[in-house]
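Asks: the following comprises the amino acid sequence and a computationally predicted model.
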Amino acid sequence: MKLYLAAAVLMLVLAVQTEAQDEPTLEERFAKFQTQVKEIAEDLTEKTKTTFEQLDKSEFAVKTKSWFNEQYEKMKQKLSETFN
């Protein structure tokens, strides 16, 4: 009977020790968190960059730039005619 009890206690100790080894330490958790934050930031950076490139090349942006350039040239021409 004592042998069975000793074997059961030994198995319980081994099981607890194995479970304790599986838990990550605080340092490992922070390292994992840092990696996740870095990946999220890189992904967000790439998406933002892509979005701004698409906006810059959109038809609305191109037409707006053209319109402002035309208005600037007209104003510049009128000023030059007025002050010359």
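Replies: All right, it came through fine.

Asks: which residues in the chain form helices?
Replies: Counting by DSSP state H, the chain has helices at residues 2-22, 26-57, 59-83.

Asks: now tabulate those helices in TSV and tack on mean pLDDT.
Replies: Formatted as TSV, the helices of the chain follow (pLDDT from 0 to 100):
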stretch	mean pLDDT
helix 2-22	71
helix 26-57	93
helix 59-83	94
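
Asks: need those helices in JSON lines (columns: mean neighbour count).
Replies: C-beta coordinates here come from the backbone N, C-alpha and C atoms, glycine included. Shown next, in JSON lines, are the helices of the chain (neighbours: other C-beta atoms under 10 Å):
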{"stretch": "helix 2-22", "mean neighbour count": "9"}
{"stretch": "helix 26-57", "mean neighbour count": "10"}
{"stretch": "helix 59-83", "mean neighbour count": "10"}
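
Asks: gap between Met11 and Lys2?
Replies: 15 Å (C-beta to C-beta, to the nearest Å).

Asks: can you check Thr51 too?
Replies: On the measure of C-beta to C-beta, Thr51 and Lys2 end up 72 Å apart.

Asks: and if you look at Glu81?
Replies: Glu81 is 113 Å from Lys2, by C-beta to C-beta.

Asks: next: Leu79.
Replies: 107 Å.

Asks: likewise for Lys32?
Replies: In terms of C-beta to C-beta, Lys32 sits 45 Å off from Lys2.

Asks: cool, Ile40 as well?
Replies: Distance of Ile40 to Lys2, given as C-beta to C-beta: 57 Å.

Asks: and Thr45, by the same measure?
Replies: For Thr45, the distance to Lys2 - C-beta to C-beta - is 65 Å.

Asks: can you check Gln36 too?
Replies: Gln36 is 50 Å from Lys2, by C-beta to C-beta.
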